[in-house]
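**Student:** what's the 3D shape of this:
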Amino acid sequence: MPLLVFWLLYLTTLVTRCQAQDDSEYDYQDDDVESIKATSGARLVGAREGTHLEEAPFIVAVNIEGQSYSACTGMLITTKYVISAAHCTEYLPREENEKHNKKCIQKTQNGERYTAGVFSLECRILWTTDSNTDQEIRNLEIVPVHPKGKVWVGVNDMNNIQSFLSGESSTIKRVVRHARTYKGGNNYGSFGGYDTTIIELDLALTKLEYFQQACLPGPSFDDIREGKLAGYGKYFRDSWDKKVCQTNRYGKMKFHYCKNENACITDSPPPSSKVCDDFFNRADTPDTVPEDKEEIMIMNGTKPFFCFGKENKENKDFGWCVTQGDYYDPRNTKKRKSWGFCSNDCHLNNNEASAGVLRIVDHVRVMQEDLCNMFLKRSLPHGTVEWLPKILCVGKINLWSTAVWNYNKYTGSYENVEDVDKVDKLVSKHHFGDAMGLGGYIASPGTCSGDSGGPMYQEEKHWRYGSKKYVVTGSVSGGRGELGYCGGIDNPVHYVRLKFFARWIVKVMGFEEAKKICWDNATEKKTAKRWKEKKQKQKERKHG
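**Tutor:** Model prediction:
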């Protein structure tokens, strides 16, 4: 126990130093076709089913109205505390939120309860210390009196009665929202803020056969690396009664959305220009796109023509669709009609549950901080905010996979450009989708309604015992681009960067409960070393 006490004091100091130095820094892989097939989907939309106990034993389903379905996802960090997204615990209306907060606090001080929609609430101010300024900040503590809200652990499928009853649950005791909580909406408004919340449970979840707590990252933990995603969110991209599906990487509009319901065309080839038809029909040129490429660019002087295969490389039976909009440039989207090849999204098994099933994505990548910053700033409608969100951007740069040919107008023949540097320069200069100058595009996971609050996490072997541990580095907030259907091109998903909130979490939980938190290996080893050194010095002084 003394080691834990020492460690918490040390962590508080270390987090403060780290955040003071790095507060300005913010830190998916779309696998190849075979990997997608192997994992039953490369995104949470259409992703493979997971096994709670074996793969994500810390995951919980959350419903603040107490209804028996998963509205959001959360992460158990002790037997009584859960981390989730702030927008999952919106008991009070977004409109005139500050006014509702004050009224709820005043009512509670007067011994009354505040009614907001279906909720009967008590609200109090909870003071903690700001990690950067050491000034006290006013967090909002909400106690749901009715309905209580509920959290479930150990459930693979919330729709399956046997799975549902085999888990363990508790009602919600209180919710603590950060003083600078994100105020909702598809963008950050003028306020910005942090989309994270802490939920305390009425009952400790003690059946260890159902779960294992998640560990928090220390302030020096490397969270810009490959990990996993998990959540109880939507299996389909559908919006209300509208079927929505996404294209793949092999057509013109990559990772865009098909325009119409049941839109995949399988009885005719996709659109093609006369230039491309001529190219593919000649004896001395390929009759389709090479196996290792996704497209061909033909240069006729300074004018490029792009050619694509007649069959869908992901699956020839998937077909193609007419797409809505052009989102290659997030700063200047267009209502352009075009086409793309239908992805697996368009052919998901309709017998699958639409939501409430634990799903997992493996080998997920996090974008580098400078690129994440660029996308974050472009998502701010006013160019700046009061409180810049502290996030991880989950997404991967897919480089253009383009073969280049020149058309010689004097000989009427085509010449293959084989020089790699020349190919790169031509693609960079002339590719229709390279508005951002990335040499490609960002593909992000389809985190959807119900995934919010769920984790980006990494697995480690315990440095002392060899057992598996799970370090949660991020919590789903959502996409911030104009493509609203759970992912899409150049629309990285924002995850709250949890290592910047370690000190706040400790303060909210209180010293005794915070002792039960586990941390990443490096942080725990560093703490153990310092504790050993301290004990040695005490021993030397005693015998000195």
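**Student:** what ranges do the helices span in the stretch 1-150 of the chain?
**Tutor:** 2-22, 33-39, 52-55, 97-109 (DSSP state H, counting those that start in this stretch).
**Student:** mean pLDDT for the ones you listed: which is lowest?
**Tutor:** Ranked by mean pLDDT, the helices of the stretch 1-150 of the chain bottom out at helix 33-39, with a mean of 28.
**Student:** buried ones in stretch 395-412?
**Tutor:** Within stretch 395-412, the residues that count as buried by 16 or more other CB atoms under 10 Å are 395-396, 398, 400, 402-407. Backbone N, C-alpha and C define where each C-beta goes, glycine included.
**Student:** let me fix that, I meant to ask about stretch 252-259.
**Tutor:** By neighbour count on 16+ other CB under 10 Å, the buried set for stretch 252-259 is 252-258.
**Student:** helices and strands around the helix or strand harbouring Gly325, which ones?
**Tutor:** Using DSSP states H and E, Gly325 sits in strand 320-326. Applying 3 or more CB pairs under 8 Å, 6 or more residues apart in numbering; DSSP states H and E, one finds that strand 320-326 contacts strand 334-341.
**Student:** immediately after the strand it packs on, which helix or strand?
**Tutor:** Downstream of strand 334-341, the next assigned helix or strand under DSSP H and E is strand 359-364.
**Student:** so what's the residue nearest to Tyr328 when sequence neighbours are not counted up against?
**Tutor:** Leaving aside its sequence neighbours, Tyr328 sits nearest to Gly433 (CB to CB, 6 or more residues apart in numbering; 4.0 Å). Gly433 makes contact with 254, 328, 400, 441, according to CB atoms under 8 Å, 6 or more residues apart in numbering.
**Student:** strands of the stretch 201-350 of the chain, residue ranges please.
**Tutor:** 227-231, 295-300, 303-307, 320-326, 334-341 (DSSP state E, counting those that start in this stretch).
**Student:** ok, residues contacting the second one?
**Tutor:** This means strand 295-300. With contact meaning CB under 8 Å, 6+ apart, strand 295-300 is reached by 250, 252, 275-276, 279, 286, 289-290, 304-308, 400-407, 409, 414, 417, 426-427, 430-431.
**Student:** that strand pairs with which strands, and in what direction?
**Tutor:** In the sheet, strand 295-300 lines up against strand 303-307 (antiparallel), strand 402-408 (parallel) (DSSP bridges).
**Student:** quick one: buried residues of that strand?
**Tutor:** Applying 16+ other CB under 10 Å to strand 295-300 flags 295-299 as buried.
**Student:** just the last one next, same as before
**Tutor:** For strand 334-341, the neighbour count (16+ other CB under 10 Å) marks 338-341 as buried.
**Student:** format those as a markdown table; extra columns: pLDDT and distance to Glu95.
**Tutor:** Below are those laid out as a markdown table (pLDDT from 0 to 100; distance: CB to CB, whole Å):
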| residue | pLDDT | distance to Glu95 |
| --- | --- | --- |
| Ser338 | 95 | 38 |
| Trp339 | 96 | 41 |
| Gly340 | 96 | 38 |
| Phe341 | 97 | 42 |
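**Student:** save the strands of the stretch 201-350 of the chain as TSV, and put in distance to Leu371 too.
**Tutor:** Output for the strands of the stretch 201-350 of the chain, formatted as TSV (distance: least, CB to CB, whole Å):
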stretch	distance to Leu371
strand 227-231	17
strand 295-300	24
strand 303-307	25
strand 320-326	21
strand 334-341	23
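**Student:** out of these, flag the one nearest Lys499.
**Tutor:** strand 227-231 (13.2 Å; CB to CB).
**Student:** which elements pack onto that closest one?
**Tutor:** By 3+ CB pairs under 8 Å, 6+ apart, strand 227-231 packs against strand 359-364, strand 455-461, strand 468-479.
**Student:** between the first one and strand 455-461, how many degrees?
**Tutor:** Right, the one you point to is strand 359-364. 70 degrees (axes from the mean of the first three to the mean of the last three CA atoms, to 10 degrees).
**Student:** ditto for the longest one
**Tutor:** Between the axes of strand 468-479 and strand 455-461, defined by the same axes, to 10 degrees, the angle is 160 degrees.
**Student:** what's the angle from strand 468-479 to strand 227-231?
**Tutor:** 70 degrees.
**Student:** so the longest helix along the chain versus strand 468-479, what angle?
**Tutor:** The residue-count maximum for a helix in the chain (DSSP state H) belongs to helix 521-543. When the same axes, to 10 degrees is applied, the directions of helix 521-543 and strand 468-479 differ by 130 degrees.
**Student:** in helix 521-543, what's buried?
**Tutor:** Buried-residue list, helix 521-543, by 16+ other CB under 10 Å: 521-524, 526-527, 531.
**Student:** can you pull the pLDDT of Ile198?
**Tutor:** 97.
**Student:** skip the chain neighbours and tell me the closest residue to it.
**Tutor:** Spatial nearest neighbour of Ile198, chain neighbours left out: Val176 (4.5 Å); criterion: CB to CB, 6+ apart.
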